[in-house]
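Q: quick one, what's the 3D model for this:
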Amino acid sequence: MAFFAQQIRRGFSSSAVRNVVIKQVTIIGGGQMGAGIAQVIQSSDLVLEAIVENLKIKQDLFSRLDKLAPAHTIFASNTSSLPISDIASSTNRLDRFGGLHFFNPVPMMKLVEVGLTKQHLFFICLYSRVLGRSGPRCQDTPGFIVNRLLGPYLLEAIQLYERGHGSKEDIDIAMKLGAGYPMGPFELADYVGLDILKFIMDGWREMHPNSTLFASSELIDKLVAEGKLGKKTGEGFYKYK
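A: Below is the predicted model of the structure:
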């Protein structure tokens with residue numbers, strides 16, 4: 001902890017948080033992501049949110065927390081698709097708000113994307129390194145780096161299949177053997193959850209109605225309507241025991 005505290009003090013550029021000593025972390029969200037994050041965090045005066053991807057719900061949560069948490073407490077969101085600045089706007093601590101986007105399964109994945117608002121809270125970068133994860137910084141854009149590229153990639157694979165240019169199995173095998181990916185796009189979509197994929201893509205399409213990157217998919221809409229959401233329901237693009 002001594003090394004951690006020393007690095008934090010060096011990294012702060014804002015006098016409001018320069019002398020923060022990290023002792024305790026609070027994780028809000030007990031689902032798959034929240035439970036995974038809890039396995040890799042030991043101590044911090046940090047509130048890390050990992051709840052449903054809904055801007056209004058996140059804003060309401062942080063608005064209430066803003067009134068309850070000590071002034072020095074730093075807020076962070078594990079959002080995978082929403083702008084950090086939009087979430088932070090519900091609080092009065094824009095200089096103490098950032099993004100820590102973990103990847104599932106958290107104990108195995110070594111990446112944490114660091115989403116920075118204009119205040120550039122360097123604490124977040126240092127914190128991710130203390131957790132033993134790479135913490136590339138990116139500007140506050142929906143989806144950060146990985147999901148911003150991953151979403152259109154998954155949609156294009158689905159559209160390739162819908163056009164009859166390849167089977168699900170062949171497309172998955174091609175990307176695993178040709179690109180070295182551990183999962184093909186259909187396997188990955190089932191793992192993430194088709195409802196989550198649809199929710200994110202629908203949201204981005206509303207933000208960027210003229211972009212072809214976030215086009216809707218009739219097949220995704222159909223599977224979600226039928227409750228076939230992927231591995232968690234036993235069936236998505238594939239069937240699971």
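
Q: just the helices in this structure please.
A: With DSSP state H as the criterion, the chain has helices at 2-11, 32-40, 55-68, 84-88, 122-130, 146-162, 168-179, 185-192, 194-207, 218-225.

Q: neighbours of Ile145, how many?
A: Per other C-beta atoms under 10 Å, the neighbour tally for Ile145 reads 17. Yep, even glycine has a C-beta here, placed from its N, CA and C like the rest.

Q: just the pLDDT at it, thanks.
A: On the pLDDT scale, Ile145 is placed at 84.

Q: so it sits right up against Glu113, yeah?
A: Yes - when contacts are counted by C-beta atoms under 8 Å, Ile145 is listed as touching Glu113 (6.1 Å).

Q: grab the most central residue of this structure for me.
A: Ser80 (2.6 Å; C-alpha atoms, centre = their mean).

Q: the residue nearest to that one when sequence neighbours are not counted: what's it in contact with?
A: Leaving aside its sequence neighbours, Ser80 sits nearest to Asn147 (C-beta to C-beta, 6 or more residues apart in numbering; 5.3 Å). Counting by C-beta atoms under 8 Å, 6 or more residues apart in numbering, Asn147 makes contact with Ser80, Ser81, His101, Ile200.

Q: how about the third one: what's its closest non-neighbour residue?
A: With sequence-adjacent residues excluded and distances taken as C-beta to C-beta, 6+ apart, His101 is closest to Glu113, at 4.0 Å.

Q: any idea how far that neighbour is from Thr79?
A: Glu113 sits 10 Å away from Thr79, going by C-beta to C-beta, to the nearest Å.

Q: ok, now Ala71?
A: Taken as C-beta to C-beta, the span from Ala71 to Thr79 is 23 Å.

Q: quick one, which of these two is more surrounded?
A: With neighbours defined as other C-beta under 10 Å, Ala71 and Thr79 compare such that Thr79 has more, 25 against 10.

Q: who's in contact with stretch 181-193?
A: Taking C-beta under 8 Å, 6+ apart as the rule, stretch 181-193 contacts 104, 153-154, 157-158, 161, 168, 171-176, 197, 229-232, 236-238, 240.

Q: I meant stretch 79-88, not that one.
A: 49, 53, 55, 58-59, 62, 75, 77, 94, 97-99, 101, 115-118, 140-144, 147, 199-200, 203-204.

Q: low-scoring stretches of the protein, by residue?
A: Along the chain, segments meeting pLDDT under 70 span 1-23, 30-41, 43-44, 117-137.

Q: picking that back up, need the residues touching each of Glu113 and Thr79.
A: The contact lists of Glu113 and Thr79 share Gly99, His101, where a contact means C-beta under 8 Å, 6+ apart.

Q: Ser63 touches Asn92, doesn't it?
A: No - Ser63 is beyond contact range of Asn92, at 9.5 Å (criterion: C-beta under 8 Å).

Q: returning to what we had before: next one: the residue nearest to His101 from Arg148, what distance?
A: From Glu113 to Arg148 the distance is 10 Å (C-beta to C-beta).

Q: of those two, who's got more company?
A: The residue with more neighbours, out of Glu113 and Arg148, is Glu113; 23 against 15, by other C-beta under 10 Å.

Q: how close does the residue of the chain positioned farthest from its centre get to Tyr191?
A: Centroid-distance maximum for the chain: Gly164 at 31.6 Å, with C-alpha atoms, centre = their mean. Remark: distance between Gly164 and Tyr191 (C-beta to C-beta) = 25 Å.

Q: repeat for Ser217
A: 17 Å.

Q: among these two, which residue is more densely surrounded?
A: Ser217 (19 against 14).

Q: neighbours of the closest residue to Gly203 other than its chain neighbours, how many?
A: Nearest residue to Gly203 in three dimensions, chain neighbours excluded: Ser81, at 6.1 Å (C-beta to C-beta, 6+ apart). Here the count is done by other C-beta under 10 Å, and Ser81 has 20 residues near it.

Q: thanks a lot, catch you later.
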